[in-house]
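**Q** any chance you could fold what I've pasted below:
(chains A and B)
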Amino acid sequence: MKPLILLFEALGHRAIALFEEVGRFFYVLHSAFLWTFRKPFDFREWVRQMVRVGVDSLPVVGLTALFTGMVLALQTYRGFARFHAESFVASVVSLSLTRELAPVLAALMIAGRIGSAFAAELGTMRVTEQIDALYAMAVEPIQYLVVPRVGAATIMLPFLVAFADGIGVVGGYSVAVGLMGANPVVYWEKTFQYLDLNDLFSGLIKAAVFGLILAVTGCAKGFFTTGGAEGVGRSTTSAVVMASLVILLSDFFLTKILF
Amino acid sequence: MERKSSSSRETPKIAVIDLWKSFAGKDVLRGVDLQVWPGESLVIVGGSGAGKSVLLKHLIGLIHPDRGHVIVDGEDLACADPERCLAIRRKFGMAFQEGALFDSMNVFDNIAFPLRRHTKLSQEAIAARVRECLSLVHLSGIEHKMPSELSGGMRRRVGFARAIALQPEILLFDEPNTGLDPITAAAIDRVIVEMREKLPVTMVTITHHMPSAFRIADRIAMLRDGKIVAAAPPEVFRQLPDPYIQSFLAGQPLEEEVA
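**A** So this is what the prediction gives:
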């Protein structure tokens, strides 16, 4: 009897923790949404966060996209050569990049770069009472800290992904044409032949949703940090893990809905 | 402005009515009743873990009670409208234990923060007010230092300066001299007494440091086991026959706990 009770207890604790986690996520999402439309509007803070999320992430996202495009061209070229379909390499590269790889990989990189930073910042502010101090100064911490961060990530992710799409295609082109000896004119033509605006947009919509997810996860983890420096470390780690998992899971459902 | 006029004694500035709060099943506050009169300096003393910080955070609405009310100027802090809540909180200035300065901003920006946020003052007016607040805590000329460059005592005094920037009606001090050497602690007390003489404010301080309680209090309240067990002016408080209070004053362990 005893081990059974212990088992149920453990399961129960897990379940409660999971519900708490989900609750915090939606609490932060909901209150961030509400506070977005209240005065004052922190223009400077928005710009600062947008530069941080967007401009400062260009090198990381660019490099990721470049090599993803390159390896994609390399792999598909080798594979397609077996049944003489090399001319479709360009289409595969452009379609898989815009629809899937650029949004997901960029979001994962940004989750590591920005989601973790959000969690660490807000977590530190929580454990050193800076969030309480904001509150005591009659400044709503959700509005001042969370709204610009979530807004910036949601707006900038699509731009980053559009940039990644371009860089990735260039990467694929350079490998296929430069390394594998594909015909440059044909390759360029095939890149766009089967590419719809819809493919592009679905990728960008995904990007915005992923940006929202990673920013809200990071902010929620940081906002509810307890337990000093160790707690900040824990929040940061789990912000990245959670955001990455939720991005990958929601990717499937978004793909299902968007096509 | 006149202080401690006996006619204003009827309506307390802050009234705490039957306040209960528990964390993780443990009762921290168990029916606290307390009045803070306009213009007085109330010091709440009590042992570590008696719930002093929790009580102080209830006064400004940082923590919400499980049961009971906090009434500020006749208005319940547990109000429904978030914007009204912000307005009530603007009556407060709170000095946190370690200062809780924003570590991404220098001293000037820290003190200017509430001014920029809540007033339409010009740059010059803000600069003048920041200088005024800093001179009140005897820290002129450190505007461009970062919080990390300041000593513990200085950080707290900058925290005081930030707390008074908006000319609050009520000042709350969370353990203002815990962890400081006796000389710095006495200097902090002097700053608090001076602020009280120069500003028309009501003050609530929590501490377990009895010498400073006697230096800054008009009235001392003792919090024990989640309840206010005594509240009296310092000279009366010193004579109270309660063995716990006498042990606390003498800095000796309670007989019953030793045996």
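
**Q** a strand runs through B:W20, doesn't it?
**A** Yes: B:W20 forms part of a strand when assessed by DSSP: H, G, I helix; E, B strand; the rest coil.

**Q** neighbours of the nearest residue to it once chain neighbours are set aside, how many?
**A** Spatial nearest neighbour of B:W20, chain neighbours left out: B:R67 (4.1 Å); criterion: C-beta to C-beta, 6 or more residues apart in numbering or on different chains. Yep, even glycine has a C-beta here, placed from its N, CA and C like the rest. Residues near B:R67, counting by other C-beta atoms under 10 Å in any protein chain shown, number 12.

**Q** was I right to think B:R67 contacts B:D18?
**A** Yes: here B:R67 reaches B:D18: they are 6.8 Å apart, a contact under C-beta atoms under 8 Å.

**Q** report the secondary structure state of B:M222.
**A** strand.

**Q** so it touches B:I245, yeah?
**A** Yes: counting by C-beta under 8 Å, B:M222 touches B:I245, with 5.9 Å between them.

**Q** higher neighbour count, these two?
**A** Shown here are B:M222 and B:I245; by other C-beta under 10 Å, B:M222 has more neighbours (23 against 20).

**Q** check contacts around that one.
**A** B:44-46, B:228-231, B:237, B:244-245, B:248 (C-beta atoms under 8 Å, 6 or more residues apart in numbering or on different chains).

**Q** where do the helices sit along the chain?
**A** The chain I'm using is chain A. In chain A, the helices defined using DSSP state H lie at A:2-36, A:43-53, A:58-81, A:89-96, A:102-110, A:116-127, A:130-136, A:141, A:147-173, A:184-193, A:197-223, A:228-258.

**Q** please refer instead to chain B.
**A** Under DSSP H, chain B gives helices at B:52-59, B:82-89, B:107-118, B:123-136, B:152-164, B:182-198, B:210-216, B:234-239, B:243-250, B:255-258.

**Q** B:H69: neighbour count?
**A** Neighbours of B:H69 (other C-beta under 10 Å): 14.

**Q** so which bits of chain B are right by chain A?
**A** Neighbours of chain A within chain B, by C-beta under 8 Å from any C-beta of the partner chain: B:57, B:60-62, B:82-83, B:86-87, B:89-90, B:92-94, B:96-98, B:100-103, B:113-114, B:117-118, B:162-163, B:166, B:172.

**Q** now do 6 Å
**A** Counting by C-beta under 6 Å from any C-beta of the partner chain, the residues of chain B close to chain A are B:60, B:62, B:86, B:89-90, B:94, B:96, B:100, B:102, B:114, B:117.

**Q** give the ChimeraX command for selecting the buried subset of these.
**A** Here is the ChimeraX command that selects the buried residues among the residues of chain B next to chain A (16 or more other C-beta atoms under 10 Å in any protein chain shown):
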select /B:60,62,86,89,90,94,96,100,102,114
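
**Q** reformat the residues of chain B next to chain A as JSON lines; add distance to B:T178.
**A** As requested, the residues of chain B next to chain A are exported to JSON lines (distance: C-beta to C-beta, whole Å):
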{"residue": "B:I60", "distance to B:T178": "19"}
{"residue": "B:L62", "distance to B:T178": "18"}
{"residue": "B:L86", "distance to B:T178": "29"}
{"residue": "B:R89", "distance to B:T178": "24"}
{"residue": "B:R90", "distance to B:T178": "27"}
{"residue": "B:M94", "distance to B:T178": "15"}
{"residue": "B:F96", "distance to B:T178": "11"}
{"residue": "B:A100", "distance to B:T178": "14"}
{"residue": "B:F102", "distance to B:T178": "21"}
{"residue": "B:P114", "distance to B:T178": "24"}
{"residue": "B:R117", "distance to B:T178": "29"}
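
**Q** mind picking the lowest-pLDDT entry from the residues of chain B next to chain A?
**A** Ranked by pLDDT, the residues of chain B next to chain A bottom out at B:L86, which has 78.

**Q** out of the contacts of B:M222, which are buried?
**A** The buried subset of the contacts of B:M222 - by 16+ other C-beta under 10 Å - is B:44-46, B:228, B:230-231, B:237, B:244-245, B:248.

**Q** where does A:T128 fall, phi/psi-wise?
**A** phi -100, psi 20 (degrees, to the nearest 10).

**Q** quick check: closest non-adjacent residue to it.
**A** Nearest non-adjacent residue to A:T128 (C-beta to C-beta, 6+ apart): B:A100, at 6.1 Å.
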